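Participant: Sequence first, predicted coordinates after that:
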Amino acid sequence: MSKVKASLQSEENVINLWESKTIEQRNTALYNSTSIPNAIDLYVNMLMESDELKDLVHAEAIQKYRDEIVNKKYLSRLRRTFNETYSLINQQYKDLCYSIEGRRKSFISADNKIMKIIKEILLSSKNQSEEFTKILKELKTRSLIKDTHAFRIILFNSSTETLYSLKDDIIKHFEAKGSTLLQEKDYVKAPKPNGYKSIHLIVKSSTSEIFEIQFRTFGMHMECETGSASHSVYKPKDTSFNKKKIKIPGYGISETSQEDGSTLIEEFDFVGLAKSLQILKRQMTYSL
């Protein structure tokens, strides 16, 4: 093995150890808390004990996530935005058959995404100090993850042309109200390798809330839920923590006996802890 390869492997081992230690800290916080905000507070305190810049960034990023999920004014404005979108569709597309859902990104999912961003910087050839300092400055005004809250619009028995028309009208609606389109990703024209198709918008409202809107036809949605692009295929269930050790109210596991003699194990979660992937869970946050 060359010295370069040995050095890279050694560096990767150090990063993996950091990741394992961080997940262990998160689990300790989960096992010793009575609510998600309480778990985050404990977790942030653990991260802040480090003198490493990456851990400070991590602490600030997850704290920003906490602020977004407990700020009642922030959530109220998001709810108003959701209702405005619902009204817009009803007024301009009277014969459209559709559903609109909302979800909050779970704590574990959000933290995994934050760790992925940090890990990418650690594994890159970029100047880590500069990159982490830049993120710290950005965290003063916005979150590191832009899809803490998301809306999804699913069109039934409608064409892709209608999907694009609706997307354009919703962009015009938000821009007329002073919102800014930060990003648009078109996975319909350019599907992901696993067949995932959807249109994603990242919007910043005039009152600074950042949220995601997804647009899909029913066919695209079914492929995302049950086909090759489903979460269960490309995003396996997180097994880094012991669910039975978590004592947070509203989170648990139900077991149901099936006709074939097997046992169906399902998670129920009313606090956004893990598995915010099912349609039913996505509808829970912003049900009309």
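Facilitator: Thanks, I have it.

Participant: What are the phi and psi values at the closest residue to Leu53 other than its chain neighbours?
Facilitator: Counting by C-beta to C-beta, 6 or more residues apart in numbering, Phe132 is the residue found nearest to Leu53 once chain neighbours are left out, at 4.5 Å. All C-beta atoms are positioned from the backbone trio N, CA, C, and that covers glycine. Taking degrees, to the nearest 10, you get phi -70, psi -40 for the backbone angles of Phe132.

Participant: how close does Phe132 sit to Asp51?
Facilitator: 13 Å (C-beta to C-beta, to the nearest Å).

Participant: Of these two, which one has the most company?
Facilitator: With neighbours defined as other C-beta atoms under 10 Å, Phe132 and Asp51 compare such that Phe132 has more, 22 against 7.

Participant: That one and Ala59 touch, don't they?
Facilitator: No - contact criterion C-beta atoms under 8 Å: Phe132 and Ala59 do not qualify, at 11.8 Å.

Participant: Give me the average confidence score over stretch 146-159.
Facilitator: For stretch 146-159, the mean pLDDT works out to 88.

Participant: Tell me the buried residues in that stretch?
Facilitator: Lys146, Asp147, Thr148, His149, Ala150, Phe151, Arg152, Ile153, Ile154, Leu155, Ser158 (16 or more other C-beta atoms under 10 Å).

Participant: quick one: low-confidence parts of the protein?
Facilitator: Counting by pLDDT under 70, the chain contains low-confidence ranges at 1-9, 227-239, 250-288.

Participant: ok, longest helix in it?
Facilitator: Longest helix in the chain by number of residues (criterion: DSSP state H): helix 3-31.

Participant: what's that helix packed up against?
Facilitator: Applying 3 or more C-beta pairs under 8 Å, 6 or more residues apart in numbering; DSSP states H and E, one finds that helix 3-31 makes contact with helix 36-48, helix 53-70, helix 107-123.

Participant: The shortest one vs helix 3-31, what angle?
Facilitator: This means helix 36-48. Orientation check (axes from the mean of the first three to the mean of the last three C-alpha atoms, to 10 degrees): helix 36-48 against helix 3-31 gives 140 degrees.

Participant: Against which helices or strands is helix 36-48 packed?
Facilitator: helix 3-31, helix 53-70, helix 107-123.

Participant: Throw these into CSV and include mean neighbour count, thanks.
Facilitator: Converted to CSV, the helices and strands packed on helix 36-48 look like this (neighbours: other C-beta atoms under 10 Å):
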stretch, mean neighbour count
helix 3-31, 14
helix 53-70, 20
helix 107-123, 19
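
Participant: could these be laid out in JSON lines, adding distance to Ile248?
Facilitator: Shown next, in JSON lines, are the helices and strands packed on helix 36-48 (distance: least, C-beta to C-beta, whole Å):
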{"stretch": "helix 3-31", "distance to Ile248": "7"}
{"stretch": "helix 53-70", "distance to Ile248": "14"}
{"stretch": "helix 107-123", "distance to Ile248": "10"}
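
Participant: Is the residue nearest to Pro249 when sequence neighbours are not counted within a helix or a strand, and which one?
Facilitator: Distance criterion C-beta to C-beta, 6+ apart; nearest residue to Pro249, sequence neighbours excluded, is Thr34 at 7.0 Å. For Thr34, there is no helix or strand it lies in under DSSP states H and E.

Participant: Counting neighbours, what do you get for Thr34?
Facilitator: With other C-beta under 10 Å as criterion, Thr34 counts 10.

Participant: Now for it: which residues touch it?
Facilitator: Lys247, Ile248, Pro249 (C-beta atoms under 8 Å, 6 or more residues apart in numbering).
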